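# fold the following.
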Amino acid sequence: MKKYNIFLFDADDTLYDFGKASAYAIETLFAKYNYPFELELPNKFNTMAHDLWQAFERGEITGYDVKTERFVRLFSMLNISHNPAEFNDEYIHLLGKSSFLLDGAEDICRKINESGKNIYVITNGFKNTCKARDKFSPIARYKSATFVSEEIGYSKPAPEFFRHVLENIGSQNIKEILIVGDSLSADIGGGIAADIDTCWYNPHGYKNNSGVTPTYEIKQLCELEQFI
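Got it, this is the predicted structure:
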């Protein structure tokens, strides 16, 4: 099996349990403002947010649009009157404090780090969330850096995003790099366009109808040990 010296990990839903963090943030804020909360609410919110993130990856909307529009839609659905931008700021703050990891994330990052290989995180998230999360996350000590679309000015899968990453990790050999992510469009498609080997993290066993073919596919993060 081919070995890699540099691992580029997506953040949410690859290393971090975004669904759990988002549910925690939503429930906490609804309790703070005494808004009615139901258990299915976080799932409904995440579905709306997912559609907006897809539009963001296609370049149809901005990151700011994602931040505000997801709460505009949520409050409209619930008939709640609240400033979406202010609510988003509080939501982002809570996300940064809730660095829930997916199964196997800490263990595989530790093993990669102990083997002398390098870990970088590449994300379309927001810089404030990422910086805050690093303060609480046990895997922060294992990674060399985090590349955030909001800071770069381009988002995955844009070639400019990956060009920026490659220019800043100092690798002279693109064949020693492996991208690991759950998004076929942002992570896998972007990696293929940049001529980087890719590994699709697909824990739920979804069918690939995207038209892009990852170099590898795994269901558990521990499977990455074969590439160290």
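
# which strand or helix spans Y120?
Assignment of secondary structure by DSSP states H and E places Y120 within strand 118-123.

# contacts for that strand?
Contacts made with strand 118-123 from outside it, assessed by Cβ atoms under 8 Å, 6 or more residues apart in numbering, are listed as 5-12, 15, 109, 112-113, 130, 142-149, 156, 161, 165, 169, 179, 181, 187. (C-beta placed from N, C-alpha, C; glycine too.)

# which among the residues you listed count as buried?
Neighbour-count burial (16 or more other Cβ atoms under 10 Å) applied to the contacts of strand 118-123 gives 5-12, 15, 109, 112-113, 130, 142-143, 146-149, 156, 161, 165, 169, 179, 181, 187.

# among the residues you listed, which are in helices?
With helices defined by DSSP state H, the entries of the buried ones among the contacts of strand 118-123 inside them are 109, 112-113, 130, 149, 161, 165, 169.

# in CSV, list those residues along with distance to F56 and pLDDT.
Formatted as CSV, these follow (distance: Cβ to Cβ, whole Å; pLDDT from 0 to 100):
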residue, distance to F56, pLDDT
C109, 26, 98
I112, 29, 98
N113, 31, 98
C130, 16, 88
S149, 9, 92
F161, 12, 97
V165, 18, 97
I169, 24, 95
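
# for these, which one is nearest G63?
Distances from these to G63 were compared by Cβ to Cβ; the smallest belongs to S149, at 7.0 Å.

# now the helices: where do they sit in the protein?
When assigned using DSSP H, the helices of the chain occupy the ranges 18-32, 41-57, 63-78, 84-97, 105-114, 127-136, 149-152, 159-169, 190-193.

# leaving out chain neighbours, which residue sits closest to S144?
Sequence neighbours aside, N118 is the residue nearest to S144 in space, at 5.1 Å (criterion: Cβ to Cβ, 6 or more residues apart in numbering).

# so what's the nearest residue to K131 once chain neighbours are set aside up against?
By the measure of Cβ to Cβ, 6+ apart, the closest residue to K131 outside its immediate chain neighbours is G96, 7.3 Å from it. G96 makes contact with 128-133, 135-136 under the criterion Cβ under 8 Å, 6+ apart.

# again, but for Y33
Contact partners of Y33, counting by Cβ under 8 Å, 6+ apart, are H82.

# the helix-or-strand element of the chain with minimal mean pLDDT: how far from the chain's middle?
Among the helical and strand segments of the chain, the one scoring lowest on mean pLDDT, DSSP states H and E is helix 127-136, with a mean of 84. Centre-to-centre, helix 127-136 and its host chain are 13 Å apart (Cα atoms, centre = their mean, to the nearest Å).

# ok, now stretch 102-112?
16 Å.

# other residues contacting it?
The contact list for stretch 102-112, computed with Cβ under 8 Å, 6+ apart, reads 7, 9, 13-17, 118-119, 138-139, 142-143, 203, 220-222, 224-225, 228.

# now a PyMOL select for only the buried ones of those residues.
For anyone working in PyMOL, the buried entries among the contacts of stretch 102-112, judged by 16+ other Cβ under 10 Å, can be selected with:
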select buried, resi 7+9+13+14+15+16+17+118+119+139+142+143+221+224+228
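
# which ones among the contacts of stretch 102-112 are found in strands?
If you go by DSSP state E, these have 7, 9, 118-119 in strands.

# how about those residues in TSV, adding pLDDT and distance to L39?
Putting the ones in strands among the contacts of stretch 102-112 into TSV (pLDDT from 0 to 100; distance: Cβ to Cβ, whole Å) gives the following:
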residue	pLDDT	distance to L39
F7	98	36
F9	98	30
N118	97	40
I119	98	35
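
# perfect, that will be all.
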